[in-house]
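Participant: Sequence unavailable; structure follows:
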């Protein structure tokens, strides 16, 4: 290789360096037959995802129903596909009247499969499907318990279905009320089934009046808070489905982060990344020097990130590194080696945390830029652009001005302006900009401190 490179005018040192890259690659490089097989499979999957999107995504989630993190990734992908398909694809919660074993199509949406709910076995699902085979939907928790064979289902499975939201569209009760009354309902249902098996009927016979008299009035209990509801839901599904604690921080995630659990792999080792996440797990360990540090798992809207908080950072953020806290984090990207079920090693990105901030302090402490979104129709409106120029001249401030230009040929172009355009971020400025370009056209951010991939260039005065 080196001799051939020398004949082609390549320096020996450079050819040796290139060969050192080639040699290890040759140990696992695909041969042509393998590559072609992958190419064909990739094309087929791309075709199905494009033309049968809902069926494709439902099949993918069914295949990974035992892995909650992968389902989270597919749910996030469904949200992203809304822009591509011009229609929103929702992943609907499990429903005892609609769900099958697998993930299925429900109108324009995807219905959660019962097999992905913890503690719900295949026998239980078969019993549910058989009980509603007459076409009559379950009308209440009591109706469900009376119609499904009590030998097939136990209390734990019903509790899991309640917490997962499978009874939300049944009757007028709420999750906390169903759970609190479950013992009474199951006891009454078992008695009804035993009488039915013995061939007994009530004194009044089978009628609407009988059903009304037999109906159990559920005891009133306080409904779960939003956070309690989500916590119980996650316990049964492995992730949040009907909502997420981070959803209220969409703006901070968009303007103050450079990575998510799904994009962290795009960052090279050693680069800095900013994320917003909830502390899903936290384990304190002691180093050989007797110092405390933390091994944590961060959870965002798309998945999880393993992270480590070394002693110096842990000392200053010990109160923030607690499970359930939503925080903004700055850290360096590194490698974390994990073992799959088949004992093979998998390398995943982790964060080595250098700074932690409470989510409610991010805007005050981390704002370095003011971003203004200019729609396509306003790019040629010289009057509005002149007014924006005048606002900048009249209001010198400490924040960089970043323009987000909606150019139809190129997508959104991020343009960072020079220091002469620096602005303050105040209510007055916000009002003036929104009068020009519409509500929501101005946002604070820390884009000038980002390391993410983006188009950026300096603008001359427009």
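Facilitator: Structure's in. What do you need? Given the structure is predicted, the values throughout are model-derived calculations rather than measurements. Residues are numbered from 1 along each chain as shown.
Participant: Run through the strands of the stretch 351-462 of the chain in chain order.
Facilitator: Taking DSSP state E, counting those that start in this stretch as the test, the strands found in the stretch 351-462 of the chain are 369-374, 400-407, 411-417, 442-445, 458-459.
Participant: The stretch 101-250 of the chain too?
Facilitator: 104-106, 109-111.
Participant: winner for burial among those strands?
Facilitator: Greatest average neighbour count among those goes to strand 109-111 (a mean of 20), per mean count of other Cβ atoms under 10 Å. In short, each C-beta sits where N, CA and C put it, glycine included.
Participant: got the contact list for it?
Facilitator: Outside strand 109-111, the residues that touch it by Cβ atoms under 8 Å, 6 or more residues apart in numbering are 54, 57-58, 61, 78, 89-92, 94-95, 98-100, 103-105.
Participant: 7 Å instead, please
Facilitator: For strand 109-111, the surrounding residues in contact (Cβ atoms under 7 Å, 6 or more residues apart in numbering) are 54, 57-58, 78, 89-92, 95, 98-99, 103-104.
Participant: try stretch 40-55
Facilitator: For stretch 40-55, the external contacting residues (Cβ under 7 Å, 6+ apart) are 56, 81, 85, 89, 105, 110.
Participant: do the same with stretch 307-314
Facilitator: By Cβ under 7 Å, 6+ apart, stretch 307-314 touches 287, 291-296, 298, 317, 321, 331, 350-356.
Participant: ok, residue 272 to residue 446 distance?
Facilitator: Taking Cβ to Cβ, to the nearest Å as the measure, residue 272 falls 12 Å from residue 446.
Participant: More neighbours: these two, which one.
Facilitator: Set residue 272 next to residue 446 and count neighbours by other Cβ atoms under 10 Å: residue 446 wins out with 23 against 18.
Participant: Relative to residue 377, how far out is residue 187?
Facilitator: According to Cβ to Cβ, residue 187 and residue 377 sit 66 Å apart.
Participant: Who has more neighbours out of these two?
Facilitator: Remark: of residue 187 and residue 377, residue 187 carries more neighbours, 12 against 9, as counted by other Cβ under 10 Å.
Participant: Let me know how buried residue 138 is, in neighbour terms.
Facilitator: Residue 138, neighbours per other Cβ under 10 Å, totals 23.
Participant: Now the longest helix along the chain: buried residues?
Facilitator: The residue-count maximum for a helix in the chain (DSSP state H) belongs to helix 32-51. By neighbour count on 16 or more other Cβ atoms under 10 Å, the buried set for helix 32-51 is residue 49.
Participant: Quick one: mean pLDDT for that helix?
Facilitator: Helix 32-51 shows a mean pLDDT of 92.
Participant: from the chain's centre, how far out does the helix or strand that comes right after that helix sit?
Facilitator: Moving toward the C-terminus from helix 32-51, the first helix or strand encountered (DSSP states H and E) is helix 53-63. Relative to its chain's centre, helix 53-63 lies at 17 Å (Cα atoms, centre = their mean, to the nearest Å).
Participant: Throw the strands of the stretch 101-250 of the chain into TSV and include mean pLDDT, thanks.
Facilitator: Putting these into TSV (pLDDT from 0 to 100) gives the following:
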stretch	mean pLDDT
strand 104-106	94
strand 109-111	94
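Participant: Switch those strands over to JSON lines, and while doing so, append distance to residue 243 to every line.
Facilitator: Below are the strands of the stretch 101-250 of the chain laid out as JSON lines (distance: least, Cβ to Cβ, whole Å):
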{"stretch": "strand 104-106", "distance to residue 243": "19"}
{"stretch": "strand 109-111", "distance to residue 243": "16"}
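Participant: wait, isn't residue 149 in contact with residue 124?
Facilitator: No - taking contacts as Cβ atoms under 7 Å, residue 149 lies outside contact range of residue 124: 9.9 Å.
Participant: Show me which of these two is the more surrounded one.
Facilitator: Comparing residue 149 with residue 124 by neighbour count (other Cβ under 10 Å), the higher total belongs to residue 124, at 22 against 13.
Participant: I'd like the distance between that one and residue 416.
Facilitator: In terms of Cβ to Cβ, residue 124 sits 57 Å off from residue 416.
Participant: quick one on the thing from earlier: for the strands of the stretch 101-250 of the chain, which one sits closest to residue 434?
Facilitator: Closest to residue 434 of the strands of the stretch 101-250 of the chain, according to Cβ to Cβ: strand 109-111, at 34.1 Å.
Participant: Tell me how far that closest one lies from the chain's centre.
Facilitator: 17 Å.
Participant: Each with direction, which strands does it pair with?
Facilitator: Applying DSSP bridges, strand 109-111 is found paired with strand 91-92 (parallel), strand 104-106 (antiparallel).
Participant: what would those strands look like in a markdown table with distance to residue 280?
Facilitator: Output for these, formatted as a markdown table (distance: least, Cβ to Cβ, whole Å):
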| stretch | distance to residue 280 |
| --- | --- |
| strand 91-92 | 20 |
| strand 104-106 | 29 |
